[in-house]
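Visitor: one predicted model, sequence on top.
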Amino acid sequence: MIELAEVQKSYPMGGGERLPVLDIHAFALPAGKRWAIVGPSGTGKTTLLHLVAGILTPTAGNVRVAGTDLTSLRPAERDQFRARNIGYVFQSFNLLAAFTALENVMLAMQFSKVIPQHQHRARATELLQRVGLGHRLVHKPAQLSNGEQQRVAVARALANRPCLLLMDEPSAHLDTETAQRVTELVGELCAEGEVTLLVATHDPHLLESVDHVVEMQAINRVLARGAVV
Amino acid sequence: MTLVQIALRYLRARWFPNLLTAACVSLGVGLLVAVIVVARGVKEGLLLGTSPYEMIVGAKGSPTQVVLSTVFFLDVPTGNIPFHVFRLLKQHPRVTLLVPVNLGDSYKGFRIVGTTPDYFTPVFQLGRREHRLRVAQGHLFAKDFEAVVGATAAREAILTVGDQFLGIHGLEEGIGEQPDPAHRRQYTVVGILAPSSTAADRAIFTTMGSVWAVHGLPTAPLEELLTRGEGPPITALFLRAQSLMDLMLLATQLNGGPDAQAVFPGRIVDRLFTMFATGETIVEAIAFMVLIVAAITVSLSLFGATIERRREMATLRALGASPGTLVKLLLWESALISLLGTVAGFGLGRGAAYIASRIIETSSGIYVPVWQLSALEPAFLGAMALLGVLAGLIPGLTAYRMEVADHLVPLA
């Protein structure tokens, strides 16, 4: 499902210097399982997820998702690939403030064009009902609690029936109980849709719900060199 | 959801700044529309007012003054022409229409015009539009001191058929001066004209003899005076001839003599347009600059909104919207703000033009049509739409070049 080969990511610092963030020799995750990637803050978890999602491109190396080399795609093609194949739940949810919960989910389908237009509303309603927000369809993000926003984000991420779901620190803004409920729900939904899950976290409670755990320190050679990320 | 619906939703979310931006656009558009419409209206009003007459014969002096005083009842006449000029032209075989006009007194600021029933026969015409002078109530004057009142004059001076009124000398009597008793003659209203959108709306018409009598001149029926070969002076004559050549010959003959001058009203209107053209160009240039400022305001407002919404834009990208889609979204937002401003501006401009036309009509008697769509306006609407879309380019390019990942970092 996910293959990274000789992937490096660094950011320009000015004066021609670059700050290395990620250096992965080889990293591969097979499909159909729930994976967690763990490590303290600043170890490159979000950068890794962005690379896998095609939001970032590596400075060097190749990123393949579901057999497609993301580094060979043009930006618009990468956007389409992401929309069609990858669901992403951001740490800060990133719901669109001007739109209702229903519209936030529908918008994901709007850009991917995987689901026929006439099915968008029904699909979004069904997903929101599935995450327990059937009564909050017309509410805007500001009118929802953190836990509810998180669930809208999950519904949005699954709207296009992706083969891969990425979650970045899903428990960061939630209390333990809510985080646990969301995790269970995601687990169920991933199982139903045969979705591979990769969740970045440093929350030990979350780790119990996944099949495999990958340590950032084990794959990121930048950390091994003792560089501060 | 379509891209337009998404754009509308974002516009609604920031409705107040967007409304202010649209208001800026509407002011620019309104100013330009008002200038275009009023300038064209005044031009058409002058052309319409002079349309029935190919030539005006008046006393020597300023030709512009002759036209403004006799056709539009503005300004004072340049003087009078001897009766024999009228007789000469009346007997001229190539003259097809000859309308004498005597100006002198007034009532409540409305000119009392001595003339013949021929004054009411010509058709005022501009393009396909025709205006005729028609008696709506009563009948035309038949005897001296019978008056037919223009529609606006009747309304504003509160005159109806059967009313009597006293004329005053000139357009207004001097403050503290005693009214000239010779001019305090009583007129009886026998007819009210239907509104005609010409200067006739703001005048009171009577016989030639009434004006002569008020001024103490010996009077008799016009036919008798013509037979006799002599009569009192006349302010002006409106004339049509069989051909342009006839007009030119008559003009040469009249202008060569000491008694009168021939004026071609079309030329005078052209001269007036030329005089006003520079001022009109300057106002148009200012209005265009206001429009460009309005377009920059749209651009700045959207640029600010884009910066403010970087996270949302990045999220849209993460959801699969291509950089081009974001550009299109911002172009839609810009176009919709501009469209709203332009539509409101057209209404505002038309409203302002209507108010201006009323003021001009009230103060000058020149009918200013403002409701007809100008050929410039659709072109202008297109130009504004293009300008509006262009205003969205800079914010669009900002969104296009945005580094998505930079704006998806978790919130603290």
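Guide: Ah, there it is.

Visitor: which elements pack onto the host helix or strand of B:Glu361?
Guide: Element membership for B:Glu361, per DSSP states H and E: helix B:323-364. Judged by 3 or more Cβ pairs under 8 Å, 6 or more residues apart in numbering or on different chains; DSSP states H and E, the packing partners of helix B:323-364 are helix A:75-85, helix B:3-13, helix B:15-50, helix B:265-308, helix B:310-318, helix B:376-391, helix B:393-400. All C-beta spots, glycine's among them, are computed from the backbone N, C-alpha and C.

Visitor: got the angle between that helix and helix B:15-50?
Guide: Computed by axes from the mean of the first three to the mean of the last three Cα atoms, to 10 degrees, the angle separating helix B:323-364 from helix B:15-50 equals 40 degrees.

Visitor: so where's chain A uncertain?
Guide: A:224-229 (pLDDT under 70).

Visitor: and whichever residue of it sits closest to chain B, how many neighbours does it have?
Guide: Per Cβ to the nearest Cβ, A:Ala83 is where chain A lies closest to chain B, at 2.3 Å. Neighbour count of A:Ala83, defined by other Cβ atoms under 10 Å in any protein chain shown: 26.

Visitor: okay, which residue is most central for chain A?
Guide: Nearest to the geometric centre of chain A sits A:Leu166, at 2.4 Å (Cα atoms, centre = their mean).

Visitor: the helices and strands packed on helix B:323-364: lowest mean pLDDT?
Guide: When mean pLDDT is averaged over each of those, helix B:376-391 scores lowest at a mean of 79.

Visitor: what is it packed up against?
Guide: So helix B:376-391, by 3+ Cβ pairs under 8 Å, 6+ apart, packs with helix B:15-50, helix B:265-308, helix B:323-364.

Visitor: and if we set it to 6 Å?
Guide: helix B:265-308, helix B:323-364 (3 or more Cβ pairs under 6 Å, 6 or more residues apart in numbering or on different chains; DSSP states H and E).

Visitor: the residue nearest to the centre of chain A touches A:Phe90, doesn't it?
Guide: No: between A:Leu166 and A:Phe90 no contact is recorded; they are 9.1 Å apart, counting by Cβ atoms under 6 Å.

Visitor: wasn't B:Phe165 part of a helix?
Guide: No: for B:Phe165, which was evaluated using DSSP: H, G, I helix; E, B strand; the rest coil, the result is strand, with no helix membership.

Visitor: B:Asp259: neighbouring residues, count only.
Guide: 15.

Visitor: that older thread, minimum distance to B:Arg228: which of the helices and strands packed on helix B:323-364 has it?
Guide: Closest approach to B:Arg228 among the helices and strands packed on helix B:323-364 (Cβ to Cβ): helix B:265-308, 30.9 Å.

Visitor: can you tell if the closest one touches chain A?
Guide: No: residues of helix B:265-308 are not located near chain A by Cβ under 6 Å from any Cβ of the partner chain, the shortest gap being 10.7 Å.

Visitor: for that helix, what is the distance to the chain centroid?
Guide: 19 Å (Cα atoms, centre = their mean, to the nearest Å).

Visitor: in stretch A:76-90, what counts as buried?
Guide: Neighbour-count burial for stretch A:76-90, counted by 16 or more other Cβ atoms under 10 Å in any protein chain shown, picks out A:78-90.

Visitor: just stretch A:35-53 next, same as before
Guide: A:35-39, A:43-53.

Visitor: just the buried residues of the longest helix anywhere in chain A, please?
Guide: Using DSSP state H to define each element, chain A has its longest helix at helix A:176-193. Buried residues in helix A:176-193, defined by neighbour count with 16+ other Cβ under 10 Å: A:Thr178, A:Ala179, A:Gln180, A:Arg181, A:Val182, A:Thr183, A:Leu185, A:Val186, A:Leu189, A:Cys190.

Visitor: same thing with stretch B:262-269?
Guide: B:Ala262, B:Val263, B:Phe264, B:Pro265, B:Gly266, B:Ile268, B:Val269.

Visitor: for chain A, which segments count as helices?
Guide: Counting by DSSP H, the helices of chain A are A:45-53, A:75-85, A:101-112, A:120-130, A:146-158, A:176-193, A:204-207, A:216-219, A:221-224.

Visitor: and the longest one, C-alpha only, in PDB?
Guide: Yep, that's helix A:176-193 we're talking about. The C-alpha trace of helix A:176-193 is given here as PDB (Å, rounded to 0.1, in the frame of the first residue of the first chain):
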ATOM      1  CA  THR A 176      -9.500  10.500  26.600                       C
ATOM      2  CA  GLU A 177     -13.100   9.200  26.400                       C
ATOM      3  CA  THR A 178     -14.000  11.000  23.200                       C
ATOM      4  CA  ALA A 179     -10.700  10.100  21.600                       C
ATOM      5  CA  GLN A 180     -11.400   6.400  22.400                       C
ATOM      6  CA  ARG A 181     -14.900   6.600  20.900                       C
ATOM      7  CA  VAL A 182     -13.600   8.200  17.800                       C
ATOM      8  CA  THR A 183     -10.800   5.600  17.500                       C
ATOM      9  CA  GLU A 184     -13.300   2.700  17.900                       C
ATOM     10  CA  LEU A 185     -15.500   4.300  15.300                       C
ATOM     11  CA  VAL A 186     -12.600   4.700  12.800                       C
ATOM     12  CA  GLY A 187     -11.600   1.100  13.400                       C
ATOM     13  CA  GLU A 188     -15.100  -0.100  12.600                       C
ATOM     14  CA  LEU A 189     -15.400   2.000   9.500                       C
ATOM     15  CA  CYS A 190     -12.000   1.000   8.200                       C
ATOM     16  CA  ALA A 191     -12.800  -2.600   8.700                       C
ATOM     17  CA  GLU A 192     -16.200  -2.200   6.900                       C
ATOM     18  CA  GLY A 193     -14.500  -0.500   3.900                       C
END
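
Visitor: okay, the helices and strands packed on helix B:323-364 in TSV with distance to A:Met109 next?
Guide: Output for the helices and strands packed on helix B:323-364, formatted as TSV (distance: least, Cβ to Cβ, whole Å):
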stretch	distance to A:Met109
helix A:75-85	9
helix B:3-13	13
helix B:15-50	27
helix B:265-308	24
helix B:310-318	13
helix B:376-391	28
helix B:393-400	21
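
Visitor: relative to B:Glu361, which of those is closest?
Guide: helix B:15-50 (8.1 Å).

Visitor: could you give the angle of the closest one to helix B:3-13?
Guide: Using the same axes, to 10 degrees: helix B:15-50 against helix B:3-13 is 100 degrees.
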